[in-house]
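A.B. asks: okay, structure incoming, though there's no sequence with it:
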């Protein structure tokens, strides 16, 4: 066998694919276990280990991309065996290297590598330094797991890792109440929308006996075709759209995104400017065949995407801090990407994701020094620099402008609408809990005890 | 290599019986040493040795039983379908879990709590729990219900401010024990699994079901669960609730008979529906708790109900998921409870109304709390992820509303745990004392609880396979190595025994196995243990697959 044949053999590709997953996972263990034992590594070894893991994953992804190109982008599926099986329910660990996953892994691991280098300096002597890098490694592992997944079980596992690392990084500065509230809001939204993915996984298992994508859709991305009946495809696609709404911050699940900027700047850049916010778009792109077979889901995607894009661009214009403005800008672009997926495009959304992620990460990473830059610029110009943009709202009558301005300031009254639903539920639960305490106090013979009676 | 392969077949029953003796006797011997005044300054040492011996023995037992052909080992007197010592896949999976929980509680207990009396109660309770998990004899189960409840009541009553909780516990437990005793006697007098069962037998089934509802803290008998966590030492609350004695009783007394008689099936349906409501209700209440103990209590109530909901379901996958939840929630919630106890004993009561800011002075505890919390709510890579996957899929297979309630419970539990973590460890840094470093014994105990969660989460196939056999036994589905229901074990004479009918089929499930002939059954029934030929179509690898159409 020649060296070219060895390199292009499926075994070599499989090894490199597994390496993309194993490298960040290994770094997670290498820095996480000493920290758990109470002996965290110093800053430099920490950044080098995490950076090394991402570098290995990035190089492996580039290698596989080259090998795939040599093979005409024929997908390679890595069957790592059955995780567990009960009756007709089988969870397999399958990974895929194809024209969608490999470019995505290249760009996500490359971005993680860069942000790792940036954060090493940015968070120097920060009390939560090791914690940040543990969560970054967890996020990288989850992201690669999600992107490389060739079964819905593996995809769900990666999705969960991304969600929990995102929430914990939003609450990174947990000594601030705002950070805690923002983290809880984000995690609650994720958790509610995860129901969509969980239910989709169950429906897929029931429909085809396993979670493998091979049984759901055939042929190569981006020309894959659904292998399940239209009804099943519609149900699964609608559930996936619901799952995507949370992470992509679409209306009515968008109000966590501006608050998520409570986290450290490097994590904001990589999560809400680049990778996490596009996770939903990636899942929809992966399951594009189901969307093709489900016009209802595509229509829902377009309607929600257009509405969210309008909402984000309107609200983003009146934000008074840079990171909130960037958050709404991210949301607007993510909404447009969903619209593109909804209308049936495949390669354009992928290019849009990569382009937007790179640009927005740069903007968010630069945001802490933007004010300083502006002052320098104005000093050089010798006066106030006018960066005001053009807006079609300026053409509207004054009353309409005022109304729109009010709507934008109130963030589209989204928060109020959500609280109309959530508030009564929380109040009911609090009353039930108080009644429980009163009942237990009575039963325990404690008429006016510490927790008895009125709560 | 399995235990059955190393130990000669003739010697294996004796070996297993010896192990059961060691498992139960070791804590009792340790309790005697402590009670006689040995190791007066450190009762933890003999108690730890005793429970460690039990843990190793339970591991050996699990290895030997799960390596065999899956047929239960039964010893001693049989009554009402259950023998004095009954060892099967359920015992193999649950006994080590219970032993590990008891040992971890002992290791983490603060020194000022662990006097001779408290150590003795802990050891007696552990021995009684081990004994309960090794038997299927109805009357012995009744006696052990009383024995396992007593240390909890005494310990709670002796705690400052614990009398109201002890009173609530006593009221519910007395009612439960009365229902259990009367119900069991009625079931023995007029077995509901026999043809022509009368009012007495049916009433017995319902009384046992009500006793299970009470002991498991199912709505409307759930109030003692959070009350115990609030008023009792956390060790007492954990030791009383985590092994899930009532679920085991339901398995042995109700589920094992569900295929035969008219009475018991309806009770299971009621149990299942109420447990589903409790799972969702407990998780919802956990969201609005004002202190950490309340959070742990309501979460434990929810997870415990989830186990019963799964066990009472009709789908093997759901039952398998219930066993996984049993193990994963037991280990994870014990971990959360022990971290909370360790932190509380250093920093005082922990409320959730405002962030407590404990991260800076207790970073290791924050890490363990988070890990156990995530392991309790389905973090991928831990056993709870597998458990959630199985129980959600199984319950959706059964009924849509069951699946939805399980999903609601899972979602709300996750939010409650993360809220609890942020409110205990987040917030302005607390400056009320020194850093709360973890002791080595605490670290060892928590690591020992966490490692199985991860190992079984990453490599769940052996456990799931073993539990698949246990689930098949409960449903009466003949998978390889699973036992046939022996006629005499059901209290039916061999001549009058009904033809074998898989329980799953009786419940309307499709069974792709050939019914075993009466002659073959009679031939086997002379022996207690009766191997069964593999049933094609019931194993995972034989399950029919839909081929994708081109």
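C.D. replies: That came through, no problem. Only a predicted model underlies this, so the values are computations on that prediction, with no experimental measurement involved.
A.B. asks: residues near residue 101, how many?
C.D. replies: Went with chain A since none was named. 28 (other C-beta atoms under 10 Å in any protein chain shown). The way it works is simple: take the backbone N, C-alpha and C, and place the C-beta from them, glycine included.
A.B. asks: ah, no, chain B please
C.D. replies: 26.
A.B. asks: so it makes contact with residue B:334?
C.D. replies: Yes. Contact criterion C-beta atoms under 8 Å: residue B:101 and residue B:334 qualify, at 4.9 Å.
A.B. asks: which residues do these two both contact?
C.D. replies: Common contact partners of residue B:101 and residue B:334 (C-beta atoms under 8 Å, 6 or more residues apart in numbering or on different chains): B:238, B:242, B:449.
A.B. asks: would you turn these into TSV with neighbour count, pLDDT and secondary structure?
C.D. replies: Shown next, in TSV, are the shared contacts of residue B:101 and residue B:334 (neighbours: other C-beta atoms under 10 Å in any protein chain shown; pLDDT from 0 to 100; DSSP: H, G, I helix; E, B strand; the rest coil):
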residue	neighbour count	pLDDT	secondary structure
B:238	29	95	helix
B:242	26	94	coil
B:449	29	96	helix
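A.B. asks: just those residues now: which is nearest residue B:424?
C.D. replies: Minimum distance to residue B:424 across the shared contacts of residue B:101 and residue B:334 is 17.5 Å, recorded for residue B:238 (C-beta to C-beta).
A.B. asks: find the nearest non-adjacent residue to that closest one, please.
C.D. replies: residue B:337 (4.8 Å; C-beta to C-beta, 6 or more residues apart in numbering or on different chains).
A.B. asks: who's in contact with the one you found?
C.D. replies: Residue B:337 touches B:229, B:234, B:237, B:238, B:296, B:300, counting by C-beta under 8 Å, 6+ apart.
A.B. asks: swap in 6 Å and give it another go.
C.D. replies: Residues in contact with residue B:337 (C-beta atoms under 6 Å, 6 or more residues apart in numbering or on different chains) are B:234, B:238, B:296.
A.B. asks: for the chain, which spans come out with low pLDDT?
C.D. replies: Answering for chain A, as no chain was given. Applying pLDDT under 70 to chain A picks out residues A:1-10, A:387-389, A:446-455.
A.B. asks: I was after chain B.
C.D. replies: B:1-9, B:68-70, B:193-196, B:256-265, B:431-434, B:477-550.
A.B. asks: show me what from it comes close to chain A.
C.D. replies: B:164, B:167-168, B:223, B:227, B:284-285, B:288, B:316-317, B:320, B:355, B:364, B:367, B:380, B:386, B:393, B:396, B:407, B:411, B:414-415, B:418-419, B:422, B:426, B:428-429, B:460-461, B:464, B:468, B:540, B:543, B:545-546, B:548 (C-beta under 6 Å from any C-beta of the partner chain).
A.B. asks: in chain B, what residue is nearest chain A?
C.D. replies: residue B:164 (2.7 Å; C-beta to the nearest C-beta).
A.B. asks: just give me the neighbour total for residue A:111.
C.D. replies: The burial count for residue A:111: 23, using other C-beta under 10 Å.
A.B. asks: check contacts around residue B:47.
C.D. replies: Neighbours of residue B:47 in contact, by C-beta under 6 Å, 6+ apart: B:30, B:106, B:119, B:123.
A.B. asks: so which helix or strand takes in the third one?
C.D. replies: If you go by DSSP states H and E, residue B:119 is part of helix B:116-133.
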